[in-house]
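Asks: Predicted coordinates and the sequence they were generated for:
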Amino acid sequence: MGWPEEQVAPLMKAFKDATGISVSAERLPITELFRTLEVRLQARNELPDVYLVDGPLTASYAARGHLLALDEMLAGDKDRFLPTTIEQGSYDGKLFAMPLGTSSQLLFYNKKLFAEAGIDVPSSDPEARMTWEELLPIAQQLTKPEISQFGFAFENANPYQLLPVPLSKGAEVIGPDGLTASGYVDGEGMVEAMSWYQDLYQTHKVGPVGTFQTGVTQEMFGSGKLAMIIGGTWNLVGFEKFEDLDFGVAPHPFFEGGRAVTPTGSWHIGINPRTVHMAQSQEFVRWLSTREAMDLWFDLRQYPPSLEEIWEQRADTTFVDPAWAIVRHELANTATPRPPTPAYREYEDFLRTAMQDIQTGANVQESLTRAAQNIDREMRKYR
């Protein structure tokens, strides 16, 4: 798993207290998790017994026999979860990864910088959400290169965060077979959307070039060097460490004439079908699906819950913050999972590289065409 110690230890202790079963939890930096899992799973042995699954990788793992089907084990429980989380944990009509939580993105803005510039803050009403066309001139007013202050940035540069840009314009980002990139990753809609993205950084210069990692943009926003940022709900807690920061939240923008699209999908948990501790592994996953475990997980991590009942039963306590009202709306109306394909790992790797290159000024068409060709080459093994 890729969670920090302070989130792992309480979860493992609660499971042992409830069942008497001890778990040896192996923690890895999130940047190393996927590479390590790939190597370990390809060895096709009994370890790990249970492992963290990023939602869109479910298809890749299941297609190669690395996940145990969970339908029988969780029979009757699937309707307890948000539909998009079950979608991300399924492949070929079967559930292979149990949802632990989901995700959504918000527009965070610095109230002080808006007030100093005399700009009205964006509405928190999803029905009155800001368009990208409206955001740009505001970002330009809030950009002050003489003091290294920027108007807007995405939290990072990867497909999870950026695919809503072409999707809002109506572009298709993968073929209907889930195994074709050419004509989609480098199609007209994607090129147009990624050209807009590049212009933010290269032409309008409202965003800091080379900011690919979450930690960098979070620090800039927290220190008042970035006026607006598209980021995840984890920032609702993460930004609290900046004592002088007064921030507000608004719904994710969309293109005028297009549709509102927000990214979603997050962590699931799966069982290695080759485990020699099958009974204990199944008990662990069943326990994690309980209301008690999910409550604890949410309190530790602050990802939007995957269980409908947590949203309902904590509506008047936990979810009174306007931010959670926005998230609930997005999960019900605009949330769009990443493309369902057994080759998502390869799709993400090549497209992430292209998106980062585009931000720094590379030719948009050439970068996307190169990514599409590389993805198609890797997809052959799944046909």
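Replies: Cool, the structure landed.

Asks: Now do the helices in the stretch 51-200 of the chain.
Replies: In the stretch 51-200 of the chain, the helices defined using DSSP state H, counting those that start in this stretch lie at 58-63, 83-88, 111-117, 132-141, 159-162, 164-168, 188-202.

Asks: could you give the mean pLDDT of the shortest one?
Replies: When pLDDT is averaged along helix 159-162, the result is 95.

Asks: What pLDDT is listed against the closest residue in space to Ser306 that isn't next to it in sequence?
Replies: Distance criterion C-beta to C-beta, 6 or more residues apart in numbering; nearest residue to Ser306, sequence neighbours excluded, is Pro99 at 3.8 Å. Every C-beta, even on glycine, is put in place using the N, C-alpha and C of the backbone. Note for Pro99: predicted pLDDT of 95.

Asks: how is the chain carved up into domains?
Replies: 5-100+267-302, 105-263+341-382 (automatic domain parsing).

Asks: Redo these as CSV? Include distance to Trp311 and mean neighbour count.
Replies: Converted to CSV, these look like this (distance: least, C-beta to C-beta, whole Å; neighbours: other C-beta atoms under 10 Å):
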stretch, distance to Trp311, mean neighbour count
domain 5-100+267-302, 8, 17
domain 105-263+341-382, 13, 19
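
Asks: Need the helices of the stretch 51-200 of the chain in a markdown table (columns: distance to Gly270).
Replies: Putting these into a markdown table (distance: least, C-beta to C-beta, whole Å) gives the following:
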| stretch | distance to Gly270 |
| --- | --- |
| helix 58-63 | 7 |
| helix 83-88 | 12 |
| helix 111-117 | 42 |
| helix 132-141 | 37 |
| helix 159-162 | 19 |
| helix 164-168 | 26 |
| helix 188-202 | 31 |
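
Asks: quick one, which of those helices is nearest to Arg314?
Replies: Closest of the helices of the stretch 51-200 of the chain to Arg314 is helix 83-88, at 17.2 Å (criterion: C-beta to C-beta).

Asks: Please tell me how far Arg274 sits from Glu188.
Replies: Separation of Arg274 from Glu188 (C-beta to C-beta, to the nearest Å) stands at 45 Å.

Asks: With Ala157 instead?
Replies: In terms of C-beta to C-beta, Ala157 sits 22 Å off from Glu188.

Asks: Glu46 too?
Replies: Following C-beta to C-beta, the distance that separates Glu46 from Glu188 is 48 Å.

Asks: do Glu240 as well
Replies: 43 Å.

Asks: again, but for Leu41
Replies: 37 Å.

Asks: likewise Ala117?
Replies: In terms of C-beta to C-beta, Ala117 sits 36 Å off from Glu188.

Asks: can you give me the helices in the stretch 201-350 of the chain?
Replies: Going by DSSP H, counting those that start in this stretch, the stretch 201-350 of the chain shows helices at 214-222, 235-238, 278-288, 291-301, 308-313, 322-333, 344-359.

Asks: out of the ones you listed, which comes closest to Gln88?
Replies: helix 344-359 (10.3 Å).

Asks: List the neighbours of the closest one that are in contact with it.
Replies: 34, 38, 56-57, 59-60, 157-160, 162, 174, 181, 185, 194, 197-198, 201-202, 207, 209-210, 212, 338-339, 341, 362, 364, 367-368, 370-371, 374-375, 378-379 (C-beta atoms under 8 Å, 6 or more residues apart in numbering).

Asks: roughly how far apart are the closest residue to Tyr61 other than its chain neighbours and Ser306?
Replies: Counting by C-beta to C-beta, 6+ apart, Tyr61 lies nearest to Leu67, which is 4.8 Å off, once chain neighbours are set aside. Leu67 sits at a distance of 17 Å from Ser306 (criterion: C-beta to C-beta).

Asks: Would you mind confirming that Thr318 is in contact with Ala325?
Replies: No. Counting by C-beta atoms under 8 Å, Thr318 does not reach Ala325; the two are 11.8 Å apart.

Asks: pretty sure Gln213 is touching Asn156, no?
Replies: Yes. Using C-beta under 8 Å, Gln213 is in contact with Asn156, at 6.0 Å.

Asks: Okay, and the beta partners of the residue nearest to Ser306?
Replies: For Pro99, the beta-bridge partners under DSSP bridges are His268.

Asks: now it: how far from Ile310?
Replies: In terms of C-beta to C-beta, Pro99 sits 12 Å off from Ile310.

Asks: For Pro340, grab phi and psi.
Replies: Here is the backbone geometry of Pro340 (degrees, to the nearest 10): phi -80, psi 100.

Asks: my bad, Pro273
Replies: Torsion angles, degrees, to the nearest 10, at Pro273: phi -60, psi -10.
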